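Engineer: Have a look; sequence and predicted model below, questions after that.
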Amino acid sequence: MNSKPPATPAPIDGSAFADAHREMLGDSAIQFDFPDFQPPEPQTEFLNLGPLLTIVFWLAVIGIVLFLLYLIVPRLIEAKWPRRHKGEAEAGANENWRPAAAEARELLGEADALAAAGRFSEAAHLLLFRSIEDIDEKRPELVRPALTSRDIAALDAIPGGPRAAFSRIAMLVERSLFAERPLGAGDWTDCRAAYQEFAFAEGWRG
C-alpha cells in the first residue's frame, strides 16, 4: 500500500495577513471596545419619605392623645360631680318607666282587697303581671313571650330603680310558685313596698 505524505500547509503571506487584519479592524460591524459598566441610579422617590413619615407620626400621636382624653374625661367628670350627674340621669330614666300614678293607685287598691281576704299570692301575682304590662307598654320590643319574670328582671335596658323593684316582686312570686308555698302577710308587705318603689318616686302613703 502506498501512503501519501501529509500535505504541507502553504506558507503564510505576512503582507496578506496584515491587510486582512486591518480590514477586520476597519469593519464597523465588529465591536472591539466595550464601555465600562455603569450601575443604574437608585430611585430617589422612595428615599424622600422623611417629611411624610413625620406627619404620619404626629397624626398617630394626636390620635392616641384624643383617644385617651375620650376615656379619661368622662371619668373625671363623673368623679367630680357624681351625685348630681348620676342622680339627674337616673331620676329621668326611672320617671319614664313609671306607670301613671292614678293607674298605679287603682292597681294597689285591687291588690289590697285580695290581700285583705288573705289571698296574698294572688295579690302579688297581680302586681307582677301589671308591672310586666307597664314595662311592655314603655318598651314593647323588650318583653317577649319566651322570657320569664326573672329574665325580664335581668334586662339591662330597664333602668336600675325600676329593675331592682321589679326583681323583688318577681323573686317573691317565683318563690311561691316553685316552692309551692303560698305567700304570707309579711311577703305581701315586701311585695307591696317593692311595687310602690316601681310605680312612685317616693312611695305611696295613702
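Structural biologist: That came through fine.

Engineer: and the residue nearest to Ile135 when sequence neighbours are not counted, helix, strand or coil?
Structural biologist: Counting by CB to CB, 6 or more residues apart in numbering, Ile135 lies nearest to Val143, which is 5.8 Å off, once chain neighbours are set aside. Every C-beta, even on glycine, is put in place using the N, C-alpha and C of the backbone. Here Val143 is recorded as coil under DSSP: H, G, I helix; E, B strand; the rest coil.

Engineer: Show me which helix runs longest in the chain.
Structural biologist: helix 50-80 (DSSP state H).

Engineer: Which parts of this structure are helices?
Structural biologist: 14-25, 50-80, 82-97, 101-116, 120-138, 149-153, 160-178, 185-199.

Engineer: helices and strands of the chain: which one has the lowest mean pLDDT?
Structural biologist: Least confident helix or strand, the chain: helix 82-97 with a mean of 50, by mean pLDDT, DSSP states H and E.

Engineer: Quick one: low-confidence residue ranges for this protein.
Structural biologist: Applying pLDDT under 70 to the chain flags residues 1-14, 16-17, 21, 25-49, 78-97, 179, 201-206.

Engineer: Could you rerun that using 50?
Structural biologist: For the chain, applying pLDDT under 50 flags the ranges 83-85, 87-92, 203-206.

Engineer: how long is stretch 147-158 end to end?
Structural biologist: With CA to CA, to the nearest Å as the measure, stretch 147-158 spans 14 Å from end to end.

Engineer: ditto for stretch 142-150
Structural biologist: End-to-end span of stretch 142-150 (CA to CA): 13 Å.

Engineer: May I see the buried residues of it?
Structural biologist: Using 16 or more other CB atoms under 10 Å as the test for burial, stretch 142-150 gives Val143, Ser149.

Engineer: same check, this time on stretch 114-127
Structural biologist: Using 16+ other CB under 10 Å as the test for burial, stretch 114-127 gives Leu114, Ala115, Arg119, Phe120, Ser121, Glu122, Ala123, Ala124, His125, Leu126, Leu127.

Engineer: Ok, stretch 98-111 next?
Structural biologist: Counting neighbours by 16+ other CB under 10 Å, one finds that the buried residues in stretch 98-111 are Arg98, Pro99, Ala104, Leu107, Leu108, Ala111.

Engineer: Now the first one. Nearest residue, chain neighbours left out?
Structural biologist: The shortest distance from Arg98 to any residue other than its chain neighbours is 5.6 Å, reached at Ala199 (CB to CB, 6+ apart).

Engineer: mind listing what the one you found touches?
Structural biologist: Going by CB atoms under 8 Å, 6 or more residues apart in numbering, Ala199 touches Arg98, Pro99, Ala101, Ala104, Leu107, Leu108, Asp134.

Engineer: Please report how far the residue nearest to Ile135 lies from Asp151.
Structural biologist: Val143 sits 9 Å away from Asp151, going by CB to CB, to the nearest Å.

Engineer: How about Pro99?
Structural biologist: Distance from Pro99 to Asp151, counting by CB to CB: 21 Å.
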